[in-house]
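mind folding the following:
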Amino acid sequence: MSFQQGLSGLNAAAKNLDVIGNNVANSGTVGFKQSQAQFADVYANSLTGAGGANVGIGTKVALVAQQFTQGNITATNNPLDMAINGGGFFRMDNNGEVTYQRNGQFQLDRMGFIVNPTGAKLTGYTANASGALLTGAPSPLSINTADLTPQITTEVNAVLNLDSGSTPIDAATIPFDMNDPDTFHSSTAVSVYDSLGNAQTLQTFYVLRPPVAPATIGAWDVYAANDGVPIGYVPPAAPVTVASLSFNTSGILQTAMPIAPAVGVPATAAGATSPFPVTLDFTGSTQFGSAFSVNTLNQDGYTSGRLAGFNIGADGMVLGRYTNGQSAILGQVVLANFANPNGLQQLGNNMWAETATSGNPLVGTPDSGSLGVLQSSAVEDSNVDLTAELVNMITAQRVYQANAQTIKAQDAVMQTLVNLR
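So this is what the prediction gives:
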């Protein structure tokens with residue numbers, strides 16, 4: 001008689017209870033993946049070959065398999081928290097050792113690196129000074145808090161409607177004077193920025209001139225001033241135009257003149273590049289029978305700015321927001337996936353390590369290949385179904401009791417044999 005079956009059943013049931021207890025204990029652990037004890041039957045080898053009437057000698061734990069199913073996503077107030085919706089793991093640098101995790105609870109350390117609670121650094125693609133991603137080997141991500149470098153204005157895009165009903169002004173009799181509104185029809189103003197990021201006001205003035213034969217429609221002369229100082233001439237010298245706009249009989253800007261020559265704008269601040277060329281682009285402007293209007297007035301420069309905040313997109317892009325209204329790419333989070341996630345070695349602290357069984361990591365950006373998308377200001381909850389685990393606990397307890405009964409029955413049979421006379 002053998003107690004082997006009952007003993008193996010007790011061990012298996014105890015192991016199952018251990019797994020269930022670990023699942024229950026980690027039901028509140030962010031990014032935790034529940035485990036499942038998987039069992040196999042055990043048979044003794046026969047010296048005479050296979051037989052059809054062998055009695056098994058019990059059971060054993062074949063594998064404790066983690067279940068990499070998606071957990072619920074819960075919103076948080078930390079912009080650095082991230083949840084993976086789909087496949088993949090965060091790739092971490094733990095003092096040179098690469099580890100992987102699903103827990104997306106992150107914060108900044110004193111050096112500006114994005115780290116988890118144990119200090120391991122989140123890796124990804126870093127950005128250079130111009131905002132271009134360095135998509136080579138992933139490296140630890142940090143938030144660059146330096147001021148955003150100012151950008152000098154190089155182009156002003158103005159889409160206007162000039163009133164075709166305006167009365168032409170003859171320059172010979174009424175010369176242009178920026179301080180006399182009777183010498184021009186309309187004007188605009190836009191802030192432009194020098195090489196140091198200092199704002200200046202670039203004004204443009206529009207004057208309809210009488211047609212010159214054989215033309216039947218007059219052209220619009222454009223004059224400019226910077227912070228109230230005329231550009232291109234010094235009074236009382238004759239005013240100088242910076243552009244001339246001609247329209248056809250349908251009020252459409254002539255295609256040969258959508259962009260005016262670059263205007264040399266003098267800088268008003270010491271130390272800045274002066275003058276700096278600014279191209280005036282009037283593409284899309286019209287001359288219709290309606291009042292003067294400004295439909296678009298944009299320029300491509302900006303002053304310096306301090307980092308006001310940042311957010312992480314679904315594709316892992318870390319975008320910084322600055323006080324000057326601009327944004328810049330600070331880096332991109334990468335994810336890694338494996339052909340066999342169950343082959344990963346569990347290290348504790350919500351981390352896994354690559355093994356030969358797991359296969360090589362497949363590293364890429366979120367929402368590419370088999371990798372999921374990121375959700376910022378959120379975390380992935382444990383995927384433990386607490387109700388199911390409590391039911392499994394009851395079942396495992398009954399299995400333990402049943403195996404104990406088989407040992408008790410074997411003991412009773414043996415006692416009977418011992419008592420034979």
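
domain ranges for the chain, per the record?
Recorded structural domains for the chain (assignment: automatic domain parsing) are 4-69+383-418, 73-148+307-380, 155-299.

gap between the two ends of the second one?
Chord length of domain 73-148+307-380, first to last residue, is 5 Å (Cα to Cα, to the nearest Å).

what residue ranges in the stretch 51-200 of the chain score low on pLDDT?
Low-confidence segments of the stretch 51-200 of the chain, defined by pLDDT under 70, span residues 51-53.

what segments of it are strands?
Ranges of strands in the stretch 51-200 of the chain, per DSSP state E, counting those that start in this stretch, are 58-66, 73-75, 82-85, 89-94, 97-101, 107-108, 114-115, 121-126, 139-140, 155-161, 186-193, 199-208.

so can I have a markdown table of the domains of the chain showing mean neighbour count?
No exception for glycine: its C-beta is placed from N, CA and C like everyone else's. Formatted as a markdown table, these follow (neighbours: other Cβ atoms under 10 Å):
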| stretch | mean neighbour count |
| --- | --- |
| domain 4-69+383-418 | 14 |
| domain 73-148+307-380 | 17 |
| domain 155-299 | 16 |
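
let's have the strands of the stretch 51-200 of the chain in TSV, adding distance to residue 410.
As requested, the strands of the stretch 51-200 of the chain are arranged in TSV below (distance: least, Cβ to Cβ, whole Å):
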stretch	distance to residue 410
strand 58-66	12
strand 73-75	51
strand 82-85	51
strand 89-94	48
strand 97-101	47
strand 107-108	58
strand 114-115	57
strand 121-126	56
strand 139-140	60
strand 155-161	92
strand 186-193	90
strand 199-208	92
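
residue 17: which of those is closest?
Minimum separation from residue 17 across the strands of the stretch 51-200 of the chain (Cβ to Cβ) falls at strand 58-66, 12.0 Å.

what helices and strands are in contact with that closest one?
Taking 3 or more Cβ pairs under 8 Å, 6 or more residues apart in numbering; DSSP states H and E as the contact definition, the neighbouring helices and strands of strand 58-66 are helix 4-25, strand 35-42.

now do the first one against strand 58-66, angle only.
Taking axes from the mean of the first three to the mean of the last three Cα atoms, to 10 degrees, helix 4-25 and strand 58-66 form an angle of 20 degrees between their directions.

mind giving me the packing neighbours of helix 4-25?
Using 3+ Cβ pairs under 8 Å, 6+ apart as the contact criterion, the secondary-structure elements in contact with helix 4-25 are strand 35-42, strand 58-66, helix 386-418.

for that helix, list the C-alpha coordinates in CSV.
Written as CSV, here are the backbone C-alpha positions of helix 4-25 (Å, rounded to 0.1, in the frame of the first residue of the first chain):
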residue,chain,number,x,y,z
GLN,A,4,2.3,8.5,-2.2
GLN,A,5,-0.9,9.6,-4.0
GLY,A,6,-2.3,11.3,-0.9
LEU,A,7,1.0,13.0,0.0
SER,A,8,1.4,14.3,-3.6
GLY,A,9,-2.2,15.5,-3.5
LEU,A,10,-1.6,17.3,-0.2
ASN,A,11,1.5,19.0,-1.6
ALA,A,12,-0.3,20.0,-4.8
ALA,A,13,-3.2,21.4,-2.9
ALA,A,14,-0.9,23.3,-0.6
LYS,A,15,1.0,24.7,-3.6
ASN,A,16,-2.3,25.7,-5.2
LEU,A,17,-3.3,27.5,-1.9
ASP,A,18,0.1,29.3,-2.0
VAL,A,19,-0.5,30.5,-5.5
ILE,A,20,-4.1,31.6,-4.7
GLY,A,21,-2.9,33.4,-1.5
ASN,A,22,-0.2,35.2,-3.5
ASN,A,23,-2.8,36.4,-6.0
VAL,A,24,-5.1,37.6,-3.2
ALA,A,25,-2.2,39.4,-1.5
